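>>> here's a sequence, model it:
(one chain, ligands or ions: 1)
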Amino acid sequence: MRIATILLVALVWLSASLTTTAAPVENVLLVSWDGLRWQELFGGADARLLTPEAKANENAAEVKEEFWADSPEARREILLPWFWGTLAKEGQVYGHAESGSPSVVTNGLNFSYPGYSEILTGSVDPKIDSNAKKNNVNVTVLEWLNQQPGFEGSVAAFASWDVFPYIINAERSGIPVNAGWMPLTVSNDPEHLRFLNQISDETPHYWGGIRFDFTTFHGAVEYVKARKPRLLYVAFGETDDWAHDKRYDMYLASARRTDDYVRRLWELLQSMPQYAGKTALVMTTDHGRGDTIDDWTGHGAKVVGSERIWMALYGAGIPAKGLVKNAPTTQAQVAATVAHLLGKDFLQANPEAAAPVKP
Ligand SMILES: [Zn+2]
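You can find the predicted model right below:
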């Protein structure tokens, strides 16, 4: 072959390999919804919990009127209109076991601290067996990326639950973690920030160390506008707390509100040149819950089925596959997936981490 022919073949091969390997994105938004069941994610409101007998609603008839439709597809769109109307159509959803894609927690405990540690570190530390406020000895993907060139000081977290500074080990990692009832401190608009802190503080401190999600959402919005982090983690909490309180009406309302918070965060990012077309969204939950009218409120090692979770990928670098079939996933894959989307290999930091989900 003449040199020109060899060059041409090489060029064709190079461009083909470039188009089949997704280019890394520049930013990732990682979102978790505490304890939102796969049952509601894939099927919308659960008929068994909308009856007066379930004693899960202040007014079962009104709740049914608001959230019911005959098919699971219609019900889930009523509950999570952005997730099913936009994300699922243009992105990827994992966790539908009936389609051969179960998504599971592997820590065996099915409650929050072990779940968030599995999500963020990519592996299971059996010594993490409570929700106690103890600094995580394991390095999260947030901490590791924060040390990589181009990411320094560009990682942040907002969370409703006040244990997150320990899960992320804010002290050692240096990652700003705004959580629980901590005041918001970053905004381009000090007057707006002052008002947000005032109304947040004036809401009932209903669950002790857990604030309502609206503060977490607005804090994240202000932080994005002011600091433009390349990796932002937002951990919503209310779905879990309303479920523990046996308030299915509030659980559903909270899920729908969170869906809208994620839409608004995503649309804000797409309105900013740093993020538009260069950002991926990774979304999941820390655990499932029980599947019966008696145990849907709870979760844990002894609650059957509460190891079942879901995850979703959306945005730049994520081909539209909708409900992904025959692709089992685990909670431990989330950490390496976040790094992989950014063009990094998290297994270099934690060789025990589960492999990334390659979209
Ligand atoms: Zn819980």
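>>> was I right to think Pro114 contacts Asn107?
Yes - judged on Cβ atoms under 8 Å, Pro114 makes contact with Asn107 at a distance of 4.2 Å. In this view, the C-beta of every residue, glycine as well, is placed from N, C-alpha and C.
>>> now list whatever residues contact both of these two.
Any residue near both Pro114 and Asn107 by Cβ atoms under 8 Å, 6 or more residues apart in numbering counts here, and that gives 124, 128.
>>> which helix is the longest one in this protein?
In terms of residue count, the longest helix belonging to the chain (DSSP state H) is helix 248-270.
>>> burial check on Val357, number of neighbours?
For Val357, the neighbour count with other Cβ atoms under 10 Å is 21.
>>> mean confidence for stretch 276-284?
In this model, stretch 276-284 has a mean pLDDT of 98.
>>> can you give me the buried ones in it?
278-284 (16 or more other Cβ atoms under 10 Å).
>>> reformat these as JSON lines; add secondary structure and distance to Phe195.
As requested, the buried residues of stretch 276-284 are exported to JSON lines (DSSP: H, G, I helix; E, B strand; the rest coil; distance: Cβ to Cβ, whole Å):
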{"residue": "Lys278", "secondary structure": "coil", "distance to Phe195": "32"}
{"residue": "Thr279", "secondary structure": "strand", "distance to Phe195": "28"}
{"residue": "Ala280", "secondary structure": "strand", "distance to Phe195": "32"}
{"residue": "Leu281", "secondary structure": "strand", "distance to Phe195": "28"}
{"residue": "Val282", "secondary structure": "strand", "distance to Phe195": "31"}
{"residue": "Met283", "secondary structure": "strand", "distance to Phe195": "29"}
{"residue": "Thr284", "secondary structure": "strand", "distance to Phe195": "32"}
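>>> what's the span of stretch 25-44, first residue to last?
32 Å (Cα to Cα, to the nearest Å).
>>> make sure Ala235 is indeed in a helix.
No - the assignment for Ala235, made by DSSP: H, G, I helix; E, B strand; the rest coil, is strand rather than a helix.
>>> show me what contacts it?
31-32, 34, 116, 157-161, 164, 179, 216.
>>> residue ranges with poor pLDDT in the protein?
1-21 (pLDDT under 70).
>>> the strands in it, which residues?
Assigned by DSSP state E, the chain shows strands spanning 27-33, 92-94, 103-104, 155-159, 177-179, 231-236, 279-284, 311-315, 322-323, 329-330.
>>> would you format these as TSV with distance to Ala47 included?
As requested, those are exported to TSV (distance: least, Cβ to Cβ, whole Å):
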stretch	distance to Ala47
strand 27-33	22
strand 92-94	22
strand 103-104	23
strand 155-159	32
strand 177-179	36
strand 231-236	25
strand 279-284	26
strand 311-315	24
strand 322-323	21
strand 329-330	28
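>>> wait, which of these is closest to Gly290?
Counting by Cβ to Cβ, Gly290 lies closest to strand 103-104 out of the strands of the chain; the figure is 15.3 Å.
>>> which other helices and strands does the closest one contact?
Applying 3 or more Cβ pairs under 8 Å, 6 or more residues apart in numbering; DSSP states H and E, one finds that strand 103-104 contacts strand 329-330.
>>> which helices and strands does the strand it packs on pack with?
Judged by 3+ Cβ pairs under 8 Å, 6+ apart, strand 329-330 is in contact with strand 103-104.
>>> which residues touch the strand it packs on?
38, 94-95, 284, 307-311, 328-331.
>>> and with 7 Å instead?
Strand 103-104 has contacts (Cβ atoms under 7 Å, 6 or more residues apart in numbering) with 94-95, 307-311, 329-331.
>>> wouldn't Val224 be in contact with Leu268 here?
Yes - with contact defined as Cβ atoms under 7 Å, Val224 reaches Leu268; the gap is 6.2 Å.
>>> looking at those two, which has the bigger crowd around it?
Neighbour tally, Val224 and Leu268, criterion other Cβ under 10 Å: the higher count belongs to Val224, 23 against 14.
>>> residues in contact with the more buried one?
Shown in contact with Val224 (Cβ under 7 Å, 6+ apart): 232, 268-269.
>>> ok, 6 Å please
Going by Cβ atoms under 6 Å, 6 or more residues apart in numbering, Val224 touches no other residue.
>>> and if you look at Gly322?
Listed by Cβ under 6 Å, 6+ apart, the contact partners of Gly322 are Ala88.
>>> what about the nearest residue to Gly150 once chain neighbours are set aside, distance to Thr239?
Excluding the flanking residues, the one nearest Gly150 by Cβ to Cβ, 6 or more residues apart in numbering is Arg230, at 7.4 Å. Separation of Arg230 from Thr239 (Cβ to Cβ, to the nearest Å): 27 Å.
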